[in-house]
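1. heads up, no residue letters with this:
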């Protein structure tokens, strides 16, 4: 069975603090993809990153960085020097095969509500 | 800009009155998805189209139907909305099913 766990339901930080959002996944597939999405109050899900299971290199994009560790089945997301505009719900997701051939479905975690206070 | 567009952004319907939500994309992506998202929950996949091939999730109620008349457009039909169908409905697209999905702004459905 595929599963994504985001144990942190809500996190509050003060602006300029660093914050790490945890994501732990379970899968029996050898090939899979991991994603992070941001959902601001407006409701639109914004794609942040995709990582495939063969690429364990960490990635940095501006204030965002991602730490993928296959050994612990984790794909954590860190925001450095957080800003009020970072306030949103963040979803970690895992893609898994579904019935129609090579098609894949996203399995979402339950999301982490991040609030950045001024 | 290439994008995923959903209309309307807010839809109010009456219990049992059919409603159609629309999604269009200028990305020319092969796959289009419909998700239902209830408050404080993760999005739940209802169905998806890979080109013209329709794929229904096993637990999607029969009350929900979809049409994809061409590459750019996809519709979600709710035949007899119940109070439990009030939710945000998100449309998404991807080039192929293993690529990242790009989401529209969603349609918030209210059922009176």
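-> Here it is on my side, so go on. These numbers come from a predicted model, not from an experiment.
2. Now do the contacts for residue A:18.
-> A:78, A:79, A:80, A:81, A:82 (Cβ atoms under 8 Å, 6 or more residues apart in numbering or on different chains). Placement of C-beta: from N, CA and C, glycine included.
3. Okay, and which of those map to strands?
-> The strands, defined by DSSP state E, take in A:78, A:79 from the contacts of residue A:18.
4. Buried only: go through the contacts of residue A:18 for me.
-> A:78, A:79, A:82 (16 or more other Cβ atoms under 10 Å in any protein chain shown).
5. Quick check: pLDDT value at residue A:97.
-> pLDDT, the model's per-residue confidence, is 63 for residue A:97.
6. do the one 4 residues further on as well
-> According to the model's per-residue confidence, residue A:101 sits at a pLDDT of 51.
7. Repeat that for residue A:31.
-> For residue A:31, pLDDT reads 84.
8. neighbours around the closest residue to it other than its chain neighbours, how many?
-> Closest residue to residue A:31 apart from its sequence neighbours, by Cβ to Cβ, 6 or more residues apart in numbering or on different chains: residue A:53 at 5.7 Å. By other Cβ atoms under 10 Å in any protein chain shown, 16 other residues sit near residue A:53.
9. so what pLDDT did residue A:53 get?
-> 88.
10. residues touching it, list them.
-> So residue A:53 contacts A:29, A:30, A:31, A:32, A:33, A:34, A:70 (Cβ under 8 Å, 6+ apart).
11. okay, now the closest residue to the fifth one other than its chain neighbours: neighbour count?
-> Closest residue to residue A:33 in three dimensions, ignoring its sequence neighbours and counting by Cβ to Cβ, 6+ apart: residue A:95, at 4.3 Å. Residues near residue A:95, counting by other Cβ under 10 Å, number 27.
12. same thing with residue B:40?
-> 10.
13. packing partners for the helix or strand bottoming out on mean pLDDT in chain B?
-> Least confident helix or strand of chain B, by mean pLDDT, DSSP states H and E, is strand B:53-56 with a mean of 88. Helices and strands touching strand B:53-56, by 3 or more Cβ pairs under 8 Å, 6 or more residues apart in numbering or on different chains; DSSP states H and E, are strand B:44-50.
14. Done for today, thanks.
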